[in-house]
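1. Need a 3D model of the following:
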Amino acid sequence: MNDLASLLTPEGRALLDEVRDTDPAHELAVATRLRREHPAELVSAALGQARLRQRAVAKFGERDAARMFFTPNGVEQSTRASVATYRAECLHALGVRSVADLCCGIGGDAIALARAGIRVLAVDRDPLTCAAARANADALGLAGLIEVREADVTEVDTAGYDAVFVDPARRSSRRGRIFDPEAYSPPLSWAVSAALGAPLGLLKIAPGIPHETIPEAATAEWVSDGGDVKEAMLWFGRDVTPGARRATLLPARAGIAVTPDSALPDPEVRPVGRYVYEPDGAVIRAHLVAEVAAELEGGLIDPTIAYITADEARTTPYATAYEITDRLPFNVKKLKALLREREVGVLTVKKRGSAVEPEELRRKTLPKPHGTASLTVFLTRVAGAPTMLLGHPVR
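-> Numbers count the residues shown, from 1 in each chain. Next up, the predicted model:
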């Protein structure tokens with residue numbers, strides 16, 4: 001708390017501006033110089049905050065990250081701004097004008113909600129986290145829409161708010177990532193009850209949550225950004241179809257969804273055709289591979305592997321297409337010889353259903369580039385047999 005308070009003073013803010021672009025490799029020299037004119041604790045706090053801001057650029061963008069205040073956990077656990085913005089705009093489109101943001105962290109979601117014109121009660125029990133959230137609301141000119149309250153979220157009255165958003169802590173300082181939803185803080189069962197008690201409830205959960213633990217009353221949504229799965233959300237209340245599943249792909253905002261009555265059976269398995277499609281991770285997590293396979297008029301290369309194969313190239317936002325040139329049994333020596341023969345200098349390794357690590361395979365087969373050609377190899381199973389599929393992305 002004292003570190004953050006000191007950074008909010010005129011001296012602290014000026015020091016933050018001075019160390020903004022400090023290279024971590026030069027921190028010691030910079031710290032030594034600055035401690036001649038500023039308190040050592042303030043210099044350390046400023047350099048630490050500069051490091052956090054540099055890390056936060058990937059989530060918040062350079063402009064916001066340079067003005068915000070972070071804690072180490074806050075950088076790690078905050079929602080990516082693109083995902084938070086998508087969620088806020090969805091809520092605004094549903095008529096939501098006030099949200100109780102429970103477990104708000106350093107305020108990433110509250111910021112996106114406020115920018116969408118939504119009034120936010122942001123609640124967290126950690127004093128430093130709340131201080132950072134207040135500082136961020138002020139720094140971004142959103143203090144008029146964001147009320148930060150230090151409290152136990154289980155004791156907060158959310159009556160009167162259009163929606164409740166709960167983002168339980170899924171990491172522990174002692175145990176790291178938490179996989180049991182009932183070990184979240186607060187537990188998933190409490191978060192579900194809080195969401196069900198609101199006109200519209202929304203829970204942020206880990207993308208890998210087992211489908212059998214998802215409440216029947218919820219619509220489950222998996223969101224990817226730039227091809228990387230970022231989170232899953234459970235929606236409760238009005239305009240929600242119980243048991244529905246959907247995948248949303250950012251930044252295109254492409255979406256595919258099914259209800260319990262419209263879900264397709266597993267695709268058929270067929271021989272590897274001219275093309276292999278790699279579904280987006282959100283599609284796979286949402287168990288919507290069958291729907292994408294139907295769109296592509298394709299089948300699976302193996303009943304346990306989420307690669308789709310087809311004889312024609314089709315454009316879809318839900319999968320990346322590769323033209324397959326070779327199909328080989330898994331054999332490191334054969335692959336190494338083929339790479340040398342084709343003068344491959346750039347090798348992309350993808351795996352699904354294989355225990356081989358991509359970096360290990362690259363080290364063994366391409367210790368030194370043989371040329372400028374590029375190649376993609378899929379380490380997978382076809383009809384249960386370890387297989388290498390070689391090819392190129394379809395442009």
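2. residues touching G353, list them.
-> By CB atoms under 8 Å, 6 or more residues apart in numbering, the contact list for G353 reads 302, 304-305, 379-381. Heads up, the C-betas are built off the backbone N, CA and C, glycines and all.
3. Also R149?
-> R149 makes contact with 121-123, 130, 156, according to CB under 8 Å, 6+ apart.
4. Report pLDDT for the residue nearest to P24 when sequence neighbours are not counted.
-> In this structure, P24 finds its nearest non-sequential neighbour in R51, 6.5 Å apart by CB to CB, 6 or more residues apart in numbering. Here, the pLDDT recorded for R51 equals 94.
5. Also D280?
-> 97.
6. Tell me the spacing between it and L389.
-> In this view, D280 and L389 are 19 Å apart by CB to CB, to the nearest Å.
7. tell me how far the ends of stretch 340-355 are from each other?
-> Distance between the two ends of stretch 340-355: 24 Å, counting by CA to CA, to the nearest Å.
8. could you give the mean pLDDT of that stretch?
-> 94.
9. And it, how far out from the chain middle?
-> Mean-position distance between stretch 340-355 and its chain equals 26 Å (CA atoms, centre = their mean, to the nearest Å).
10. Next, the buried residues of that stretch.
-> Within stretch 340-355, the residues that qualify as buried are 342, 344, 347, 349-350, 352-354, counting by 16 or more other CB atoms under 10 Å.
11. Now render these as a markdown table, adding distance to R13 and secondary structure.
-> Formatted as a markdown table, these follow (distance: CB to CB, whole Å; DSSP: H, G, I helix; E, B strand; the rest coil):
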| residue | distance to R13 | secondary structure |
| --- | --- | --- |
| R342 | 57 | coil |
| V344 | 52 | strand |
| L347 | 48 | strand |
| V349 | 47 | strand |
| K350 | 46 | strand |
| R352 | 49 | coil |
| G353 | 53 | coil |
| S354 | 52 | coil |
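12. Looking at these, which two lie furthest apart in space?
-> Farthest pair in the buried residues of stretch 340-355 (CB to CB) is R342 and G353. Separation: 25.0 Å.
13. Just checking: what are the partner strands of the helix or strand L234 falls within?
-> Element membership of L234, judged by DSSP states H and E, is strand 228-237. Using DSSP bridges, strand 228-237 pairs in its sheet with strand 200-205 (antiparallel), strand 219-225 (antiparallel).
14. any idea which residue sits dead centre in this protein?
-> K230 (1.6 Å; CA atoms, centre = their mean).
15. Output the below-cut-off pLDDT ranges for the stretch 1-150 of the chain.
-> Scanning the stretch 1-150 of the chain for pLDDT under 70 picks out 1-2.
16. picking that back up, for D280 and L389, indicate the residue with more neighbours.
-> In this comparison of D280 against L389, neighbours counted by other CB atoms under 10 Å, the higher total goes to D280 at 25 against 22.
17. Now do the contacts for that one.
-> By CB under 8 Å, 6+ apart, D280 lies in contact with 224, 227, 247, 249, 317-320.
18. Next: Y86.
-> Going by CB under 8 Å, 6+ apart, Y86 touches 223, 248, 250, 253.
19. at 7 Å instead, please
-> By CB atoms under 7 Å, 6 or more residues apart in numbering, the contact set of Y86 is 250, 253.
20. quick one: it is in a strand?
-> No - counting by DSSP: H, G, I helix; E, B strand; the rest coil, Y86 is not part of a strand but helix.
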